[in-house]
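Novice: pasted the sequence and its predicted model underneath.
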2 protein chains.
Amino acid sequence: MGKFLTTREENYSQWYNELVLKADLAENSAVRGCMVIKPYGYAIWEKMRDALDAMFKDTGHVNAYFPLFIPKSFFSKEADHVEGFAKECAVVTHYRLRNKADGKGIEVDPDAKLEEELIVRPTSETIIWNTYKNWIQSYRDLPILINQWANVVRWEMRTRLFLRTAEFLWQEGHTAHATQQEAIDETVQMINVYAEFAEKFMAMPVIKGHKTENERFAGALDTYTIEAMMQDGKALQSGTSHFLGQNFAKAFDVKFTSKEGNLEYVWASSWGVSTRLIGALIMAHSDDNGLVLPPKLAPHQVVIVPIYKGNDQYDLMREAGNKLKTELKNAGISVLFDDRDTHKPGWKFAEYELKGFPIRLALGARDLENGTIELARRDTLEKKTYPMDNIVRVVKDLLDEIQNNIYQKALNFRNQKTYHADTWEEFVDIIENKGGFVYAHWDGTNETEDLIKEKTKATIRCIPVDNPIEDGKCILSGKPSKQRVLFARAY
Amino acid sequence: MGKFLTTREENYSQWYNELVLKADLAENSAVRGCMVIKPYGYAIWEKMRDALDAMFKDTGHVNAYFPLFIPKSFFSKEADHVEGFAKECAVVTHYRLRNKADGKGIEVDPDAKLEEELIVRPTSETIIWNTYKNWIQSYRDLPILINQWANVVRWEMRTRLFLRTAEFLWQEGHTAHATQQEAIDETVQMINVYAEFAEKFMAMPVIKGHKTENERFAGALDTYTIEAMMQDGKALQSGTSHFLGQNFAKAFDVKFTSKEGNLEYVWASSWGVSTRLIGALIMAHSDDNGLVLPPKLAPHQVVIVPIYKGNDQYDLMREAGNKLKTELKNAGISVLFDDRDTHKPGWKFAEYELKGFPIRLALGARDLENGTIELARRDTLEKKTYPMDNIVRVVKDLLDEIQNNIYQKALNFRNQKTYHADTWEEFVDIIENKGGFVYAHWDGTNETEDLIKEKTKATIRCIPVDNPIEDGKCILSGKPSKQRVLFARAY
């Protein structure tokens, strides 16, 4: 199979692009920067969405839906937000087309110009806070704990499937609270939910921390992030949760009467993850043979491939395969029985390896006689023959083991590629020659951060949560510092 | 409660609008024609989506996602489609905003004009068939059975919450087949899925049939519809399934090599239902006291309201309420225990009646002593006291009974309001004075259909499937006819 894909070693970026296409996850569309998410890619997104949605609901959130379009003027209301979001975006200016005078095709009807242009949402804080204004009068109306699953558009110039696309799918939580502390607690709770999802479902270890002022969400007082390491040592920001203070409440004049009878501005958080997570999932675990999917997010956890000669054996295999499929399904395992007679077993083996099915069961004629079955693990590529009568238990346990193994492998990899640098030379050497995460001291200024980025392309990924206090000197400026921050080159 | 809502009798349309707002289902947004779907309304949509999604998957479909934007030129490729869809729609012309020279606000950057305008999808046949072109070479690539859950935009001038909005949520299935028969079978299968969903989940009887040529989907050779009767006797088109022939394959040049080695155009179907179904659900069943929701789509099937005096009783009630909640949940029943001490029982009773919770359990101090509980049904408003020890079984059976009862009530209502007309006078009298469905003969011409609409505002809702052959004369033209068709005024 390796021959079908450029190896990670040869060209990591090309390996990624080829894998996304060959595994049928997504492709570019006729619209610049917009992708088509193909059924197999979308099935992974559905798994992610369902798991996250359950976690959101368990923490008291409900879903709602707000308009795709936002009046242009809304963006001007929050000073930082307009700088961050109202620039590269899709602008609707007209609401009608008409036939061309020459009868050839259609054109925009100049009479159907909107009085105020509408922006296709790049994020929904403004339209949502404009709505919350009417929902909130008293402390009894708080908190509001709403999430939205939606598409958003940011007019990116350089796009890559899943990682950076003009349109993408995401969820955005928008909460409103009576007190600052409650809003902060919510912000922290949600970054914890994201971290738990990344580690337990995606099998992807993450580092939680605060973004620096430079990298903060436009309009936030504090942005929490989870940062994961990809197999090329680069960081990928995988989810963010923002404490918005009273910025949007002030911009949209959202006040409430407190228990004490005072009129106060409402406190806010927002938080989101997107289809970018599919890119993270691919880059964190997959290998030169194709996708490696953690069992908890694999559209199918098991595939059964029959190996047979002639119609008689085929009939036997179909019977045995369907029986096994039912047993596995009844045990809560998602399973595909590929009994197509149009493709050879070898072709199927390659296909399911490429697509990252965690377990492959090969059912042969001799197996059937012996009461055995051959099992192949995608994560280690090991093959082993098991007695048939206990196979459901074996598969169930192995799925847990694979989930853990993939996580542990990613964690070990990250640990190996995580460094401490105490001098500029050391720092540059790691970033340039080794790649990975570097903990280093920083003087806390935007200027130094910018300079480091300019010189090395490394950015401060986060100031880790519960960072130990440690006296040191900034690796670039030499000025005093109280803690190390996490540097890396990033996607 | 009646006093909170205009009654259906007084003003059906106003009753509907008030109910949507007061039951917290949806509201108008700051963007003309776009609605905010509030959490309670969205929870109903989630129930609908999950049920439909399972039915789609059971019939072999998978989900995918295609771009929000469609290049303008795509619409011109299918002659009928451009007439039907590329007129009233949102047009993206620019991709950047900039700060105004005077520093006050932002404006569209004239340098960021798109070479070709993008249309916000009103439906996705064109972008999807442009994509399928690359996916289909051989009969082995067929069928393609894909569904998409998405938002779409049609620039409607007169909008009503759920029933007709500029942006709405829907699903759209787009399938590709090797033969005409397969595509027709798929079209029929999906209208049957919609009918089953309407009847089993929405408890809403529907009539299946073909649309006339006038009312067909733009680009279809045949459109199947399901038509439901609302409580004002008007019809509501609730779902459609289209046989598209080879129209889109020809427009986008999608050919395949058949088993016999010939190069042929691909056959197509498309089918969809939308958030309009929430409007149908409301108008089919609700009463002057508020929503009446069928148990299969109610966000919560049961609410438990404690009735108590003082803290001691409150503690007892909380214990008993939580225990009951757990027992009901374990039986697969979705239940809300409203133990808030900020609202009185009377307020809660009114609230859950308005919101259409199918069953309300009131837990009082004397009930607790006697081992009984009071149960109120939303559909009949009956109250009855039951022994506590068997309450889970009672609730479970009653939920089934309520589901059936709501369906039966709607069916009886429709039967009462369904007429046969054999003369023009009879026809006009029914349409003008009685309202409802009318089976009548029609001569099969577009002209007569248009004239009837002009004179009475009644349209042909469908030519029912398996319509009996019956010789007759067109009610308007008197020309011969072989079957009756279904007329009604409609939403």
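Specialist: Received, thanks.
Novice: got phi/psi on the residue lying closest to A:Leu291 once chain neighbours are set aside?
Specialist: Closest residue to A:Leu291 apart from its sequence neighbours, by CB to CB, 6 or more residues apart in numbering or on different chains: A:Gly356 at 2.9 Å. The way it works is simple: take the backbone N, C-alpha and C, and place the C-beta from them, glycine included. The phi and psi torsions at A:Gly356 (degrees, to the nearest 10) take the values phi 80, psi 20.
Novice: which ones are touching A:Gly356?
Specialist: Neighbour list for A:Gly356: A:23, A:286, A:290-293, A:298, A:378 [criterion: CB atoms under 8 Å, 6 or more residues apart in numbering or on different chains].
Novice: and the helices in the stretch 1-150 of chain A?
Specialist: Secondary structure of the stretch 1-150 of chain A (DSSP state H, counting those that start in this stretch): helices located at A:12-22, A:39-58, A:72-75, A:79-85, A:125-135.
Novice: residues contacting the last one, please?
Specialist: To tie it back to what came earlier, the one meant is helix A:125-135. Applying CB under 8 Å, 6+ apart, the contact partners of helix A:125-135 are A:66-67, A:70, A:74-75, A:77-78, A:81, A:121, A:141, A:144, A:146, A:148, A:174, A:176, A:219, A:244, A:248-249, A:251-254, A:266, A:268, A:270, B:27, B:29-31, B:36.
Novice: all strands of the stretch 151-300 of chain A, in order?
Specialist: For the stretch 151-300 of chain A, applying DSSP state E, counting those that start in this stretch gives strands covering A:167-177, A:207-210, A:222-229, A:235-245, A:255-257, A:263-265, A:267-274.
Novice: and the residue of the stretch 251-400 of chain A closest to chain B?
Specialist: Of all residues in the stretch 251-400 of chain A, A:Thr342 sits closest to chain B, at 6.7 Å by CB to the nearest CB.
Novice: nearest spatial neighbour of that residue, chain-adjacent residues omitted?
Specialist: B:Arg140 (6.7 Å).
Novice: and the gap between that neighbour and A:Arg340?
Specialist: For B:Arg140, the distance to A:Arg340 (CB to CB, to the nearest Å) stands at 10 Å.
Novice: A:Arg461 falls within a helix, correct?
Specialist: No. Counting by DSSP: H, G, I helix; E, B strand; the rest coil, A:Arg461 is not part of a helix but strand.
Novice: which residues touch it?
Specialist: A:Arg461 neighbours (CB under 8 Å, 6+ apart): A:207, A:209, A:225, A:227, A:235, A:237, A:437, A:486-488, A:490.
Novice: please identify which of the residues you listed is nearest to chain B.
Specialist: The nearest one, if we look at those relative to chain B and count by CB to the nearest CB, is A:Gln237, at 22.3 Å.
Novice: got the confidence number for that closest one?
Specialist: On pLDDT, A:Gln237 comes in at 98.
Novice: touching, it and A:Ile460? I think so.
Specialist: No. Counting by CB atoms under 8 Å, A:Ile460 is not a contact partner of A:Gln237; they are 11.6 Å apart.
Novice: ok so, going back, next, work out how far apart the residue nearest to A:Leu291 and A:Gly346 are.
Specialist: From A:Gly356 to A:Gly346 the distance is 18 Å (CB to CB).
Novice: again, but for A:Tyr439
Specialist: 47 Å.
Novice: of these two, which one has the most company?
Specialist: A:Tyr439 (17 against 10; other CB atoms under 10 Å in any protein chain shown).
Novice: what are the bridge partners for the more buried one, then?
Specialist: A:His420, A:Leu486 (DSSP bridges).
Novice: list the contacts for it?
Specialist: A:418-421, A:484-487.
Novice: other SSEs contacting the longest helix belonging to chain A?
Specialist: When chain A is parsed with DSSP state H, its longest helix is helix A:391-416. Under the contact criterion of 3 or more CB pairs under 8 Å, 6 or more residues apart in numbering or on different chains; DSSP states H and E, helix A:391-416 touches strand A:222-229, helix A:276-285, helix A:310-330, strand A:359-363, strand A:372-377.
Novice: ok, back up a step: doesn't the residue of the stretch 251-400 of chain A closest to chain B fall inside a strand?
Specialist: No. Under three-state DSSP, A:Thr342 falls outside any strand and is assigned coil.
Novice: any idea how many residues pack against it?
Specialist: Neighbourhood size, A:Thr342 [other CB under 10 Å]: 6.
Novice: pLDDT value on it, please?
Specialist: 87.
Novice: from chain B, how far off is A:Tyr430?
Specialist: Just so we're on the same page, residue A:430 is Ile rather than Tyr. 38 Å (CB to the nearest CB, to the nearest Å).
Novice: identify the residues contacting that residue.
Specialist: A:419, A:421, A:436, A:438.
Novice: show me the contacts for A:Arg8.
Specialist: By CB under 8 Å, 6+ apart, A:Arg8 lies in contact with A:15, A:231-232, A:287-288.
Novice: oh, I was asking about A:Ile307
Specialist: Contacts of A:Ile307 by CB under 8 Å, 6+ apart are A:317, A:345, A:362-365.
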